[in-house]
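Participant: can you look at this prediction? I've put the sequence above it.
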Amino acid sequence: MAKLGNLKKSRGILRARRHRRIRKKVRGTPHRPRLVVFRSLRNIEGQLVDDDGGRTIVGVSTLAEELRALKPQSPNPKVELAREAGKLLARKAREAGVERVVFDRAGYKYHGRVKAFAEGAREGGLIF
């Protein structure tokens, strides 16, 4: 990634800087992979990553077939979809033999959809 010192401090650049700072400390192993979250304006996705092997174990997005049929009627439908995506990721992870993960919020605040995704993964049985 390019040096970010002299550039205008946009939200994306500040998030990238926070993400690098987090990634110095957070590392995924085959026994305890990293649960990394990506949030766009419309969707959220999560992946279990084994950093030692450099591979993705399981990935889920709110664009997944299982979640496309859901039409939440709550005041915050994106938050509800994020929670359901977390539950789906946890179910797929447990099928793949993963129970413990380390959470990587990727520079986003632990708030809103990111928090709902994490809580959904916990409700689904992941431990972090």
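Facilitator: Nice, thanks for sending it over.

Participant: and the residue nearest in space to the middle of the chain, how far from Lys9?
Facilitator: Most central in the chain under C-alpha atoms, centre = their mean is Val37, positioned 1.9 Å from the mean C-alpha point. Remark: distance between Val37 and Lys9 (C-beta to C-beta, to the nearest Å) = 23 Å. All C-beta atoms are positioned from the backbone trio N, CA, C, and that covers glycine.

Participant: which residue packs closest to Arg15, ignoring adjacent ones?
Facilitator: Using C-beta to C-beta, 6 or more residues apart in numbering and skipping the chain neighbours, the partner closest in space to Arg15 is Gly107 (4.0 Å).

Participant: and what of Glu80?
Facilitator: Pro72 (3.8 Å).

Participant: helix/strand/coil for that neighbour?
Facilitator: What DSSP: H, G, I helix; E, B strand; the rest coil gives for Pro72 is coil.

Participant: my read: it touches Ala82, true?
Facilitator: No - the criterion here is C-beta atoms under 8 Å, and Pro72 misses it with Ala82 at 10.2 Å.

Participant: of those two, which one has the most company?
Facilitator: Comparing Pro72 with Ala82 by other C-beta atoms under 10 Å, the one with more neighbours is Ala82, at 28 against 13.
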